[in-house]
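here's a sequence, model it:
(one chain, ligands or ions: 1)
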Amino acid sequence: MIPRPERGVLRHPAWQYGKSEQNNALNLYGPRIAPVDILLIAAMHGDENETTVVLSEALRRILPGNIKNPVILSTNPDGALQGTRSNARGVDLNRNWPTANWSNNTVYHKDHGGTVQDIGLSTGESPGSEAETQALIDCVKRLQPRTVISLHAPLACVEDPQTTPLAQWVASQVKLPLVPDVGYPTPGSFGSWAVEQNINIITWELPSESLADMIASHTPVLFKLITGDYESEVI
Ligand SMILES: [Zn+2]
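Next up is the predicted model:
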């Protein structure tokens with residue numbers, strides 16, 4: 001593990017798998033030889049930057065060359081830069097995937113601290129219309145991951161429609177409930193697309209906690225997932 005004084009920067013080379021709508025680099029860290037066991041991704045919603053931070057903290061503890069499973073710290077850099085859930089074109093990227101259930105209905109979400117889903121976003125002009133979606137489709141097809149772990153916030157649960165042993169392990173490690181769905185329909189979501197591609201999808205919803213607490217409880221588990229050290233522990 002990299003000693004604390006040297007964890008301030010990422011020491012892994014980035015591979016650019018595409019560009020965002022505003023020409024920001026879409027970067028991946030780690031091996032690109034298919035098939036990979038797990039692809040870990042964060043921040044498809046640009047206002048969930050805590051997912052990028054806890055994942056980056058794990059990546060910055062790992063010695064160069066010791067990444068087994070590749071990592072994408074932000075699948076929506078334009079949204080992250082603007083502080084928006086959507087990408088730069090106002091599209092909720094987690095409703096833009098080319099799935100059988102894609103819908104062009106406006107999708108509504110809760111604002112932070114809100115209780116009513118009343119903030120509207122587009123699902124895109126067509127399924128897969130956004131540059132970020134297309135680039136991630138190409139990336140996933142290239143890497144052929146058996147499982148994708150997608151970090152979101154702040155629903156405080158681990159979602160896996162198939163209740164796989166890996167999801168059970170993650171949920172027990174971070175002491176969050178394991179659920180088969182988030183309780184409402186998500187047409188055109190990345191999860192729906194992954195299921196149609198026969199890829200296991202684990203949606204890891206961080207809780208509403210301080211970053212310090214989440215780094216203490218979630219980053220060590222992410223470290224094991226990136227380095228492959230979980231394998232002997234998953235039954
Ligand atoms: Zn989200």
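
only C-alpha atoms for contact and neighbour calcs from this point on.
OK.

what pLDDT does the nearest residue to residue 225 once chain neighbours are set aside get?
Distance criterion Cα to Cα, 6 or more residues apart in numbering; nearest residue to residue 225, sequence neighbours excluded, is residue 69 at 7.2 Å. Listed pLDDT for residue 69 reads 98.

now swap in residue 113 and tell me
67.

check residue 232 too.
88.

about what we covered before: mind checking how far the residue nearest to residue 225 is from residue 17?
As judged by Cα to Cα, to the nearest Å, residue 69 and residue 17 stand 16 Å apart.

next, give phi and psi for the closest residue to the ion within the chain.
For the chain and the ion, the shortest gap (Cα to the ion) falls at residue 152, measuring 4.2 Å. Phi and psi for residue 152, reported as degrees, to the nearest 10, are phi -130, psi -180.

contacting residues for it?
Counting by Cα atoms under 8 Å, 6 or more residues apart in numbering, residue 152 touches 42-45, 48, 51, 203-206.

of the residues you listed, which are in range of the ion?
Counting by Cα under 5 Å from the ion, residue 45 from the contacts of residue 152 sit close to the ion.

nearest to residue 137 among the contacts of residue 152?
residue 44 (13.2 Å; Cα to Cα).

next, residue 26: phi, psi?
Note on residue 26: its backbone torsions stand at phi -100, psi 110 [degrees, to the nearest 10].

pretty sure it is touching residue 41, no?
No - in terms of Cα atoms under 8 Å, residue 26 does not count as a neighbour of residue 41; the distance is 11.4 Å.

how near is residue 36 to residue 144?
On the measure of Cα to Cα, residue 36 and residue 144 end up 6 Å apart.

what lies in contact with stretch 70-78?
With Cα under 8 Å, 6+ apart, stretch 70-78 has contacts from 20-22, 24-32, 36, 38-46, 52, 55-56, 80, 87-88, 93, 132, 136, 226.

what residues does the protein have near the ion?
Residues of the chain lying near the ion by Cα under 5 Å from the ion: 45, 152.

quick one: the helices in the chain?
49-59, 77-82, 131-143, 165-174, 190-196, 211-217, 219-227 (DSSP state H).
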